[in-house]
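> have a look; sequence and predicted model below, questions after that.
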Amino acid sequence: MLRRILVIVSLLIATAITYAQDTTASHNSPAKVATSAAGEQNEPAPDPRAIMQKAVAKDIFNWEAAKDYTFLERLQQDSLDGSGAVKSSKSETHEIMVLYGEPFERTVAKDDQPLSQKQQKKQDEEFDKETRKRANETPEERQKRIQKYQKERDDERAFVREILGAYDFTLAGTEVLNGRPTWVIDGTPHPGFEGKRRESKVLPKIKPRFWIDQQDYSWAKLRAEFTDTVSFGWVVARLHKGSQFEMQQVLVNSEVWMPQRADIKLDARVALLKGVNENIHLTYKDYRKFRTDTKISVAESGAIQ
């Protein structure tokens with residue numbers, strides 16, 4: 001259930017900043033960029049809509065290129081007590097690989113320790129089973145599976161196209177991240193927005209801030225806060241006001257931007273019964289571009305520092 005909530009939060013926020021539409025033209029207001037030297041006059045600020053439009057072209061490339069990479073993902077869950085102190089912590093590390101045209105995930109470590117013999121055997125069996133299944137597909141079956149996977153990705157794109165119509169954008173300033181200058185853009189819920197999809201109806205309850213790389217218009221960082229309680233499904237989960245999300249990306253192989261870390265302050269109630277008060281930390285490393293001749297093997301180390 002937690003991973004489902006994380007997926008929903010990531011879908012709502014993490015992909016939002018890179019899809020601009022012409023419909024946002026009337027939603028943007030002018031801003032001033034902070035000067036870097038005392039006494040220097042402020043220069044006219046670039047149009048945040050124009051920045052987003054250029055980010056679209058770059059993100060299309062990133063979106064497509066990202067699916068050809070394997071990597072390690074470490075998920076850490078810190079459970080908090082009533083005062084906000086950590087009362088328990090656990091982590092899992094997953095290897096995400098490309099398996100016959102579609103990602104496949106398997107656990108390679110728990111609490112930064114190698115899996116037990118029993119756990120490893122189970123993971124190997126599941127991997128072998130899925131590998132054989134995909135390897136023995138007919139061309140028609142493989143095409144159908146990959147088309148389904150691509151449709152799911154396309155559906156996500158259709159959803160995020162609504163996100164930019166949900167906000168007015170202003171240029172808040174500039175900031176240097178990892179030695180690269182970025183534009184800082186704030187999103188304010190647009191009055192009267194009504195989403196066409198069920199998921200998009202929660203967007204007015206999210207307040208985002210985006211960092212867009214000035215060199216190639218890719219997004220480098222985002223931060224968002226839920227300003228009101230948000231419900232998902234019938235009685236599946238409720239994210240409470242104050243839940244926060246922050247994610248940062250890094251340029252990989254000088255060609256594609258990929259997630260570097262994500263931090264989530266999660267205050268939720270699952271099925272109206274179980275309360276969840278956790279800090280979630282995700283870190284990513286060991287990005288490798290998949291090739292058809294790449295040997296698929298278990299990651300040598302599951303720990304992510």
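Good, I have the coordinates. Numbers count the residues shown, from 1 in each chain.
> would you map the strands across this protein?
With DSSP state E as the criterion, the chain has strands at 69-80, 86-99, 102-110, 113-114, 167-177, 180-189, 206-213, 219-226, 230-232, 237-239, 244-252, 256-270, 274-289.
> can I get the ones you listed in JSON lines with mean neighbour count?
Yep, even glycine has a C-beta here, placed from its N, CA and C like the rest. Converted to JSON lines, these look like this (neighbours: other C-beta atoms under 10 Å):
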{"stretch": "strand 69-80", "mean neighbour count": "18"}
{"stretch": "strand 86-99", "mean neighbour count": "17"}
{"stretch": "strand 102-110", "mean neighbour count": "17"}
{"stretch": "strand 113-114", "mean neighbour count": "12"}
{"stretch": "strand 167-177", "mean neighbour count": "18"}
{"stretch": "strand 180-189", "mean neighbour count": "20"}
{"stretch": "strand 206-213", "mean neighbour count": "22"}
{"stretch": "strand 219-226", "mean neighbour count": "22"}
{"stretch": "strand 230-232", "mean neighbour count": "18"}
{"stretch": "strand 237-239", "mean neighbour count": "22"}
{"stretch": "strand 244-252", "mean neighbour count": "20"}
{"stretch": "strand 256-270", "mean neighbour count": "19"}
{"stretch": "strand 274-289", "mean neighbour count": "17"}
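> contacts only, for residue 175.
Each residue near residue 175 by C-beta atoms under 8 Å, 6 or more residues apart in numbering is listed here: 181, 182, 184, 211.
> how far away is it from residue 213?
From residue 175 across to residue 213, the span is 11 Å (C-beta to C-beta, to the nearest Å).
> shared neighbours, those two?
181, 182.
> returning to that earlier point: out of the strands of the chain, nearest to residue 49?
Nearest to residue 49 among the strands of the chain is strand 167-177; the distance by C-beta to C-beta comes to 6.5 Å.
> what's across from residue 76 in the sheet?
residue 91, residue 281 (DSSP bridges).
> show the pLDDT at it.
pLDDT for residue 76: 95.
> give me the angle between the helix ranked longest in the chain and strand 206-213.
Longest helix in the chain by number of residues, with DSSP state H as the criterion: helix 139-165. Inter-element angle recorded for helix 139-165 and strand 206-213: 100 degrees (by axes from the mean of the first three to the mean of the last three C-alpha atoms, to 10 degrees).
> what's the angle from helix 139-165 to strand 102-110?
Inter-element angle recorded for helix 139-165 and strand 102-110: 80 degrees (by the same axes, to 10 degrees).
> report all helices and strands that helix 139-165 contacts.
Counting contacts by 3 or more C-beta pairs under 8 Å, 6 or more residues apart in numbering; DSSP states H and E, helix 139-165 packs against helix 2-13, helix 48-66, strand 102-110.
> tell me the mean pLDDT for it?
Mean per-residue pLDDT for helix 139-165: 82.
> and it with helix 48-66, angle?
160 degrees.
> how much space separates residue 60 from residue 66?
In terms of C-beta to C-beta, residue 60 sits 11 Å off from residue 66.
> more neighbours: those two, which one.
Legend: neighbour count by other C-beta atoms under 10 Å for residue 60 and residue 66, higher for residue 66 (17 against 13).
> hmm, residue 258 and that one touching each other?
Yes: if you go by C-beta atoms under 8 Å, residue 66 and residue 258 touch, sitting 6.2 Å apart.
> format the strands of the chain as CSV; extra columns: distance to residue 146.
Shown next, in CSV, are the strands of the chain (distance: least, C-beta to C-beta, whole Å):
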stretch, distance to residue 146
strand 69-80, 17
strand 86-99, 11
strand 102-110, 6
strand 113-114, 33
strand 167-177, 33
strand 180-189, 34
strand 206-213, 31
strand 219-226, 27
strand 230-232, 28
strand 237-239, 30
strand 244-252, 23
strand 256-270, 20
strand 274-289, 19
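> tell me which of those strands sits nearest to residue 143.
That would be strand 102-110 among the strands of the chain, by C-beta to C-beta, at 11.8 Å.
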